[in-house]
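>>> turn this into a structure:
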Amino acid sequence: MLPPMPRKRPKKIIRHYTPSPAPLPARLAPDFAGLLQVFSDASQRRHGGLAAVLFADAGGEPLVATRTVAVQGSNELELQAALFALAQAREHFPGRPLALFSDNRDAIDRLDRARRQGLASDPELAALIAAGGLAEMLALASFRWVRAHASCRGNLLADRHAAAAAA
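Residues are numbered from 1 along each chain as shown. Predicted coordinates:
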């Protein structure tokens, strides 16, 4: 009897993304013109890393903030990253309406549901919002999911800075 044939490993596909010149791809940019555009992301390595990338205007340079935290579950880290981004927006652009973008749909849906239905629907999130003093920013924000590792420059920057903070 012959020994079994070794399995072939599938070739790793390397995708190269060309980031949009503006924070958002051209197809999305008109919907969010005039708003503070905020991108959040989290990463897990030795530590957890949070990143917030804020664009005051589409042609300007981003304001980047990062934080290293303890490693947690992926969705919890992504929610922390979104709350961190709201806190950065409050600190640097108080009272300004914003659009918060994340590649984690669960975090975005949870924050959007809390904004639309009220914080009473999610007591755990209500406690986090209250502890951070973020109720006003939650009311000023709209939330949008963006595909991970797509051509969105803001998301790529957030991903890169979150990974660096987690290292």
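>>> does the residue nearest the centre of the chain count as helix, strand or coil?
The centre of the chain sits closest to Ser40, judged by Cα atoms, centre = their mean, with a distance of 2.4 Å. With DSSP: H, G, I helix; E, B strand; the rest coil as the basis, the three-state label of Ser40 is strand.
>>> low-confidence ranges, this protein, go.
Along the chain, the parts satisfying pLDDT under 70 run over 1, 5, 14-17, 149-150.
>>> now do the helices in it.
74-92, 105-117, 123-132, 135-140, 153-166 (DSSP state H).
>>> now those helices as CSV including distance to Asp57 and mean neighbour count?
In this view, the C-beta of every residue, glycine as well, is placed from N, C-alpha and C. Converted to CSV, the helices of the chain look like this (distance: least, Cβ to Cβ, whole Å; neighbours: other Cβ atoms under 10 Å):
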stretch, distance to Asp57, mean neighbour count
helix 74-92, 13, 21
helix 105-117, 23, 17
helix 123-132, 26, 14
helix 135-140, 17, 17
helix 153-166, 13, 22
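>>> which one of the ones you listed lies nearest to Asp31?
Smallest distance to Asp31 across the helices of the chain (Cβ to Cβ): 13.9 Å, for helix 153-166.
>>> what does the closest one contact?
Helix 153-166 is contacted from outside by 17, 19-24, 37, 39-53, 55, 62, 64, 66-68, 81, 101, 103, 146, 148-149, using Cβ atoms under 8 Å, 6 or more residues apart in numbering.
>>> again, only using 6 Å
Helix 153-166 is contacted by residues 19-20, 23, 39, 41-43, 45, 47-49, 51, 53, 64, 66, 68, 103, 146 when judged by Cβ atoms under 6 Å, 6 or more residues apart in numbering.
>>> now swap in stretch 137-147 and tell me
86, 89-90, 97-101, 103, 105, 108, 111-112, 115, 129, 152, 155.
>>> swap in 7 Å and give it another go.
86, 89-90, 97-103, 105, 108, 111-112, 114-115, 129, 152, 155 (Cβ atoms under 7 Å, 6 or more residues apart in numbering).
>>> ok, stretch 81-99 next?
32, 35-38, 40-42, 50-52, 54, 56, 63, 65, 67, 100, 102, 107, 111, 128, 132, 134, 137-138, 140-142, 144, 162.
>>> surely the residue nearest to the centre of the chain meets Leu100?
Yes: contact criterion Cβ atoms under 7 Å: Ser40 and Leu100 qualify, at 6.5 Å.
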